[in-house]
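Engineer: Quick one, structure for this:
(chains A and B)
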Number of protein chains: 2
Amino acid sequence: MDPIKVGICGFGTVGSGTFRVLERNSQLISARVGREVIVSHVGARRNAHNIDTGDTLFSPDIFAVARDPEVDILVELIGGYDTARELVLEAINAGKHVITANKALIAVHGNEIFEAAQAKGVTVAFEAAVAGGIPIIKSIREGLAANKIEWLAGIINGTGNYILTEMREKGRSFADALADAQALGYAEADPTFDVEGIDAAHKLVILASLAFGIPLQFDKAYTEGISQLAIEDIAFADELGYRIKHLGIARRVESGIELRVHPTLIPSHRLLANVNGVMNAVMVEADAVGSTLHYGPGAGSEPTASAVVADIVDVARTLTADPEHRVPHLAVQPDRLSSEPVLPIESVTTSYYLRVSVLDKPGVLAQIATILSDAGISIEALIQKEAPEGQETATIIMLTNQTLESRMNDAIKQIEGIESTRGKVTRVRMEKLEG
Amino acid sequence: MDPIKVGICGFGTVGSGTFRVLERNSQLISARVGREVIVSHVGARRNAHNIDTGDTLFSPDIFAVARDPEVDILVELIGGYDTARELVLEAINAGKHVITANKALIAVHGNEIFEAAQAKGVTVAFEAAVAGGIPIIKSIREGLAANKIEWLAGIINGTGNYILTEMREKGRSFADALADAQALGYAEADPTFDVEGIDAAHKLVILASLAFGIPLQFDKAYTEGISQLAIEDIAFADELGYRIKHLGIARRVESGIELRVHPTLIPSHRLLANVNGVMNAVMVEADAVGSTLHYGPGAGSEPTASAVVADIVDVARTLTADPEHRVPHLAVQPDRLSSEPVLPIESVTTSYYLRVSVLDKPGVLAQIATILSDAGISIEALIQKEAPEGQETATIIMLTNQTLESRMNDAIKQIEGIESTRGKVTRVRMEKLEG
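Structural biologist: Numbers count the residues shown, from 1 in each chain, chains lettered A, B, ... in the order given. This is a model prediction of the structure:
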């Protein structure tokens, strides 16, 4: 049989990694697919990593790849929103299958792209868009297809996890750990996407669609970063038996779907709490299987290429298959997507870690406890730290039971209104991650 | 479109779980598949769990299911070797796809079964045969299809892991922990398959075939159980920063494939070391992606049913597909299987934990150290425990560097020959699980 011809658009870290893996493991890959897979065309302004591309056609214009009639599968690795969208839609219109590692593109323009692909009978695959080399898309969409998924929680941004690990293990400040991550190439010069949770929210929105069979709704995700996290909160959490991780959480509750990225206290004995450095992991809780955890590298040249090439193998297997019988893009058939609403953060129910600075005088704790109690919020653990020698503010740390976010917002406003309270109340959400 | 008709043979724990999951999540599953999936025929001597099977045909003869022309997919859940083999081959000959949770059947008769399936153009799926609800077959065979897999190591028997967890956490003896596992229904009345590593070896043989593209070779696997493991070795390992887990390990080395199940010391900070109780996990090291870990429940009614139903969904999607383009049974096309030899245990290279009881007198340690040194084996850590008050034997615990098993056998024989050595040398293999 003819070899399958792949066109790669974007030849940076992941593009060159994909080329390298396809070349190095070509024997193995063709033994798996039953056909040879070759890169016939690369579209990129430059060959940044100086890969020897041999006879492969090299075009400075990425759109030349979308228009190349020889190309069966176009791999989009240019990143960003607009040009990537245009390129992918042009490839689909030309009847090509598309593979992308672009989480932003899928999270924001995925519904439109999948509709176009559906109309043309082609597949758009995106395993590399979430958690790099971990086959999490495949695991949720196919491996757990028997299940009603109840919730999932993931460490899905390696940069943020590296920073939190450094802060905890070495007692470094956020700014310090970030500078280090930048020096090591784990963080961009502008780290906003990573540390403010936008990148994680892109990935979470994709995972939630697959888990719950809902359309992609990036604008509905609640996003809170780690840049405001104080080293003392990480230490107090430790003291209480918890780690703080930047989690993406999607949960199905009676009234709808929770979709939120924020720093989260989780019990330190959980496997997820012990995922350190740049590694990623996603925990899935589902009705038949119970808890599963999927761990691995969430970024990097060859880990991401591993996911891109897995998609190439999958798509290669469906080249001759009836489009009706392929794995649906968002896990369910397009006409069976659910309209369950995504809940605003005020309607989310969770537990809380609270830290309050107060003037060290009698009655303050009683006032705070009364406010929480009146709101129906119970305190599950409490530490009161004496005011340090020569200072007059003491610190109170509390873990609460589960309550509605809007109710907690009210309680916090009241606590901040107490005369003896100093500054703002620090609030970090908490999840037990129980089955 | 017509519903897909499933026949279930064997209606015990997993069979009834499969029926329950298909019924409870039927809406979801049909939204995923694009067709309804129904159980049209159950073959079993009795309905042990008293499931309400409604209109489903119920036959006391399992072979009636294989002969039922209405059945598209036969699910074999009777267990054992001979009748299961006969049933599966009859179903294949009748042109049915087959799904099985039977690791023993696949490990021992898989080559023959896959050949028959290939000739008939049907699929035999077996996700449930390894690590229950964890989609590990799919992850290795499809999710990591880009990679040359270097090694994998797994906790793939929940009974054994429960016993080891109890021994470590509660200081209980093997016999005590086993009795408890039996009382809880985690272990059979005859626990040989679980505690002697035979069940784990069945699963390991399957994983190794997928990882390395080699035929199934159960007779070549080295198997050592946990029944001889002493509580003191678990405690000494802890003291040295290790946990003892009953691992299945498959590794590709220059001269061939290592395939072995035995108690293994692993560093206590590894995620795999923190997989406790009846949970399973498989760590895979591969050239492009690096390390991934796949964790979840390895047994039980609905976790196993989750894997069976995932296979049903997969097979349902390929009902109309060209057989040439399906995922190959053993990960590579049948004519591309590798003939790399499986190595005998004597040819395996690993590190060791050794415990020696010696008469507490000068020079013994020097003698032992000399034997190891002469064999080219270096000692990486050593603890010498004084003889307890009133006793004359001291205990020496050593961790060695990597060496050939045959060389270690010789050294152990020499150590046991020293006049001051008391009894046998205890040897537990050790793996760092580094990338």
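
Engineer: For chain A, which segments count as helices?
Structural biologist: Along chain A, counting by DSSP state H, helices occupy A:13-24, A:26-33, A:62-67, A:82-93, A:103-120, A:136-138, A:158-170, A:174-183, A:192-195, A:198-212, A:231-239, A:301-318, A:364-374, A:405-417.

Engineer: is it possible to export those to a markdown table including distance to chain B and mean neighbour count?
Structural biologist: For glycine as for every other residue, the C-beta is placed from the backbone atoms N, C-alpha and C. Listed next are these as a markdown table, based on distance: least, Cβ to the nearest Cβ, whole Å; neighbours: other Cβ atoms under 10 Å in any protein chain shown:
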| stretch | distance to chain B | mean neighbour count |
| --- | --- | --- |
| helix A:13-24 | 5 | 23 |
| helix A:26-33 | 4 | 20 |
| helix A:62-67 | 21 | 21 |
| helix A:82-93 | 21 | 20 |
| helix A:103-120 | 12 | 20 |
| helix A:136-138 | 5 | 27 |
| helix A:158-170 | 12 | 22 |
| helix A:174-183 | 19 | 17 |
| helix A:192-195 | 20 | 20 |
| helix A:198-212 | 10 | 27 |
| helix A:231-239 | 16 | 17 |
| helix A:301-318 | 3 | 27 |
| helix A:364-374 | 35 | 16 |
| helix A:405-417 | 29 | 17 |
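
Engineer: Same list, those, but as TSV with mean pLDDT please.
Structural biologist: Compiled in TSV, those are given as follows (pLDDT from 0 to 100):
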stretch	mean pLDDT
helix A:13-24	97
helix A:26-33	95
helix A:62-67	98
helix A:82-93	98
helix A:103-120	97
helix A:136-138	98
helix A:158-170	97
helix A:174-183	95
helix A:192-195	96
helix A:198-212	98
helix A:231-239	96
helix A:301-318	96
helix A:364-374	96
helix A:405-417	98
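
Engineer: and those helices as CSV, adding distance to B:S173?
Structural biologist: Listed next are the helices of chain A as CSV, based on distance: least, Cβ to Cβ, whole Å:
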stretch, distance to B:S173
helix A:13-24, 49
helix A:26-33, 46
helix A:62-67, 66
helix A:82-93, 61
helix A:103-120, 51
helix A:136-138, 40
helix A:158-170, 37
helix A:174-183, 46
helix A:192-195, 50
helix A:198-212, 43
helix A:231-239, 35
helix A:301-318, 43
helix A:364-374, 48
helix A:405-417, 49
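
Engineer: Can you verify my assumption that A:T165 contacts A:N276?
Structural biologist: Yes - if you go by Cβ atoms under 8 Å, A:T165 and A:N276 touch, sitting 4.5 Å apart.

Engineer: which residues does A:R427 contact?
Structural biologist: A:Y352, A:Y353, A:L354, A:M408, A:I412 (Cβ atoms under 8 Å, 6 or more residues apart in numbering or on different chains).

Engineer: which residues touch the last one?
Structural biologist: Listed by Cβ under 8 Å, 6+ apart, the contact partners of A:I412 are A:L354, A:V425, A:R427.

Engineer: and if we set it to 10 Å?
Structural biologist: Residues near A:I412 by Cβ atoms under 10 Å, 6 or more residues apart in numbering or on different chains: A:Y352, A:L354, A:V356, A:I371, A:L372, A:A375, A:K424, A:V425, A:T426, A:R427.

Engineer: Taking the residues you listed, please make a ChimeraX selection of just the buried ones.
Structural biologist: In ChimeraX, a selection of the buried entries from the contacts of A:I412 looks like this (16 or more other Cβ atoms under 10 Å in any protein chain shown):
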select /A:352,354,356,371,372,375,425,426,427
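
Engineer: of the contacts of A:I412, closest to chain B?
Structural biologist: A:Y352 (27.1 Å; Cβ to the nearest Cβ).

Engineer: Skipping its backbone neighbours, what lies nearest the closest one in space?
Structural biologist: Leaving out its chain neighbours, the residue that sits closest to A:Y352 by Cβ to Cβ, 6 or more residues apart in numbering or on different chains is A:T400, at 4.7 Å.

Engineer: count of neighbours near that neighbour?
Structural biologist: 22 (other Cβ atoms under 10 Å in any protein chain shown).

Engineer: Can you give me the distance of A:A145 to chain B?
Structural biologist: 4 Å (Cβ to the nearest Cβ, to the nearest Å).

Engineer: And for that residue, nearest residue in space, chain neighbours not counted?
Structural biologist: Using Cβ to Cβ, 6+ apart, the closest residue to A:A145 is B:V313 (4.3 Å).

Engineer: quick one: the one you found and A:H325 touch, right?
Structural biologist: No - the pair B:V313 / A:H325 is not scored as a contact, 11.0 Å apart, by Cβ atoms under 10 Å.

Engineer: that older thread, which residues are in contact with each of A:T165 and A:N276?
Structural biologist: With Cβ under 10 Å, 6+ apart, A:T165 and A:N276 have common neighbours A:R243, A:K245.

Engineer: follow-up on the earlier one: shared neighbours, B:V313 and A:H325?
Structural biologist: Going by Cβ under 10 Å, 6+ apart, residues that sit against B:V313 and also against A:H325 are B:V33.

Engineer: what's the neighbour count on A:N276?
Structural biologist: 18.

Engineer: Show the contacting residues for it.
Structural biologist: A:I155, A:N161, A:Y162, A:L164, A:T165, A:E166, A:R168, A:E169, A:R243, A:K245, B:H269, B:L271.

Engineer: swap the cut-off to 8 Å and go again
Structural biologist: A:N161, A:T165, A:E169.

Engineer: shouldn't the residue nearest to A:Y352 be in contact with A:I371?
Structural biologist: No - the criterion here is Cβ under 8 Å, and A:T400 misses it with A:I371 at 11.6 Å.

Engineer: what bits of the stretch 201-350 of chain A have low per-residue confidence?
Structural biologist: Under the criterion pLDDT under 70, no range of the stretch 201-350 of chain A is flagged.

Engineer: Nearest spatial neighbour of A:E196, chain-adjacent residues omitted?
Structural biologist: Per Cβ to Cβ, 6+ apart, closest to A:E196 is A:G225, 3.6 Å.

Engineer: now A:S173
Structural biologist: A:S173's closest residue in space is A:I231 (Cβ to Cβ, 6+ apart), at 5.8 Å.

Engineer: Against A:S406, how distant is A:G256?
Structural biologist: 15 Å (Cβ to Cβ, to the nearest Å).

Engineer: Then A:H294?
Structural biologist: Counting by Cβ to Cβ, the gap from A:H294 to A:S406 is 33 Å.

Engineer: Same question for A:A66.
Structural biologist: A:A66 is 48 Å from A:S406, by Cβ to Cβ.

Engineer: Quote the end-to-end distance of stretch A:8-19.
Structural biologist: End-to-end distance of stretch A:8-19 (Cα to Cα, to the nearest Å): 8 Å.

Engineer: what does it rub up against?
Structural biologist: Contacts for stretch A:8-19 (Cβ under 8 Å, 6+ apart): A:39, A:41-44, A:46-49, A:51, A:53, A:56, A:62, A:65-66, A:74-79, A:87, A:101, A:128, A:300-302, A:304-305, A:308-309, B:288.

Engineer: Cool, thanks, talk later.
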